[in-house]
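*Asks:* Sequence first, then the predicted structure, then my questions.
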Amino acid sequence: MNEESVLYTVFLIFTGGAVAATLALYARQSVLIAYIALGLLAGPHALGLISDPSMIDDIATVGIIFLLFLLGLNLEPDELIKLLREATVVTILSSITFGLCGFVIAMCFDFNPIDSAVIAAAMMFSSTIIGLKLLPTSALHHQRMGEIIISILLLQDIIAVTVLLLVEGLGTQDSPALKVAGMLILLPVISISAYFTSKYVLSYLFQKFDQINEYIFLLTVGWCMGLAELAHLAGLSHEVGAFIAGVTLAANPIARYIAESLKPLRDFFLVMFFFGLGAGFDIAKVPQVLLPASILAITMIFLKPFIFNLLLRREKEKKKIAGEIGVRLGQISEFSLLVAVVALSAGVITERASLLVQTATIITFVLSSFWIVRSYPTPIATDDRLRRD
């Protein structure tokens, strides 16, 4: 086996990723599946081309940091307020429904109450990446459907960050309730401080040096990573800090430019994240959870479109729009994977519960992508008419 190095790892991920992504696109699947499959194949549980995925996991963490930063950055108050009531009602009611369903299924397969509660929380979210990546490259982003999808996903992401916060607090050995309470106190303190720093310091620097693109890039990345590290030192998490960094920049006029310029960097590290996820996934243990994971995945694939459709119709959305939004949000989320991994590393849930969430999520990624690209306009639609829509 080749001696592992950063250069070798990057070569394996991106050269192998390019080949795997090409095959996935021809198969009309999400490229996320390709990255996970490549990691699974190259990882220590298969070919062993990479025997220690811990280095990839560290780099992948940066990808999640940038993802949350950009999600926060896109949380434009004016856009969200327009659909706040509708999106809030739909998100809260759907999240409760999916969570209860996940909890019941987990309990039926003899998972303990804590495992079942975390599994339930993981079921509440839909994939931001699949939801947005499979939107067609047209004006849909700025039309009613795109606005609703983005609003629901953003609210789900806020809930996901809260769940991550609670999971990390519960993972504390000494006085977890005290730890959670401390986090809830520190969160607004850091958020308010970041808001005023962004408003009065960053805005001034952006305006003064707006012609120097590399400085804007450097200041933005420094702000993201700086708040991520500050949150970590304060006992929160890097991910929560990055989300705060994005939200506090969202009202800045330069926010859209920053979001667009950082997308390639985000995608670079997301490839790392999903590769690392696959590399750490022990497929030999999947038979232990295959039946409950399959039932959970299939239930969510059909339940989520039905519930979203029902709730959106209740909010007076057109039948066609409500139905399509439901299908586009009909999978489990990459945040669910993150919740499972964080909860396992914090000692909150068992390995079996984490494996269940990961397996069910990957199954829904495949089935949901298959459904969407064969039914609705996407950049990789099987029908040329859908691709042009």
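*Replies:* Ah, there it is.
*Asks:* least trustworthy helix or strand in this protein by mean pLDDT?
*Replies:* Of all the helices and strands that make up the chain, helix 384-388 has the lowest average by mean pLDDT, DSSP states H and E, namely a mean of 57.
*Asks:* quick one, phi psi at the residue sitting furthest away from the middle of the chain?
*Replies:* The C-alpha centroid of the chain is most remote from K208, which lies 34.3 Å away (C-alpha atoms, centre = their mean). Taking degrees, to the nearest 10, you get phi -70, psi -40 for the backbone angles of K208.
*Asks:* what's the answer for A27, then?
*Replies:* The phi/psi pair for A27 (degrees, to the nearest 10) is phi -90, psi 0.
*Asks:* What's the local residue count around it?
*Replies:* For A27, the neighbour count with other C-beta atoms under 10 Å is 14. Quick note: C-beta positions are derived from backbone N, CA and C, even for glycine.
*Asks:* try the one 4 residues further on
*Replies:* Taking other C-beta under 10 Å as the neighbour definition, V31 ends up with a count of 22.
*Asks:* What pLDDT does the model give it?
*Replies:* Here, the pLDDT recorded for V31 equals 79.
*Asks:* That one contacts L23, doesn't it?
*Replies:* No. Taking contacts as C-beta atoms under 8 Å, V31 lies outside contact range of L23: 9.8 Å.
*Asks:* contacting residues around L187?
*Replies:* 165, 236, 240 (C-beta atoms under 8 Å, 6 or more residues apart in numbering).
*Asks:* CSV please, covering those residues and showing distance to G131.
*Replies:* Formatted as CSV, those follow (distance: C-beta to C-beta, whole Å):
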residue, distance to G131
L165, 23
L236, 26
V240, 22
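*Asks:* out of the residues you listed, which is most surrounded?
*Replies:* V240 (26 neighbours).
*Asks:* Would you quantify the distance from it to L303?
*Replies:* Distance, V240 to L303, using C-beta to C-beta, to the nearest Å: 29 Å.
*Asks:* How far off centre is stretch 227-239?
*Replies:* Offset of stretch 227-239 from its chain centre (C-alpha atoms, centre = their mean, to the nearest Å): 18 Å.
*Asks:* neighbouring contacts of it?
*Replies:* Here stretch 227-239 has contacts from 61, 64-65, 68-69, 161, 164-165, 168, 179, 182-183, 186-187, 190, 194, 240-242, 244-245, 338, 342, using C-beta under 8 Å, 6+ apart.
*Asks:* of these, buried ones?
*Replies:* Among these, those scoring as buried are 61, 64-65, 68-69, 161, 164-165, 168, 179, 182-183, 187, 190, 194, 240-242, 244-245, 338, 342 (criterion: 16 or more other C-beta atoms under 10 Å).
*Asks:* Count the neighbours of K285 for me.
*Replies:* Applying other C-beta under 10 Å, I find that K285 has 14 neighbouring residues.
*Asks:* For the residue nearest to H238 when sequence neighbours are not counted, pull up the helix or strand it's in.
*Replies:* Leaving aside its sequence neighbours, H238 sits nearest to A228 (C-beta to C-beta, 6 or more residues apart in numbering; 4.2 Å). A228 is part of helix 213-233 when elements are defined by DSSP states H and E.
*Asks:* Ok, E324 next?
*Replies:* helix 319-328.
*Asks:* Pull out the buried residues from the following helix or strand past that helix.
*Replies:* Note on helix 319-328: by DSSP H and E, the next helix or strand toward the C-terminus is helix 334-345. Burial within helix 334-345, assessed by neighbour count using 16+ other C-beta under 10 Å, is assigned to 334-344.
*Asks:* Likewise for stretch 9-19?
*Replies:* 9, 12-14, 16-17.
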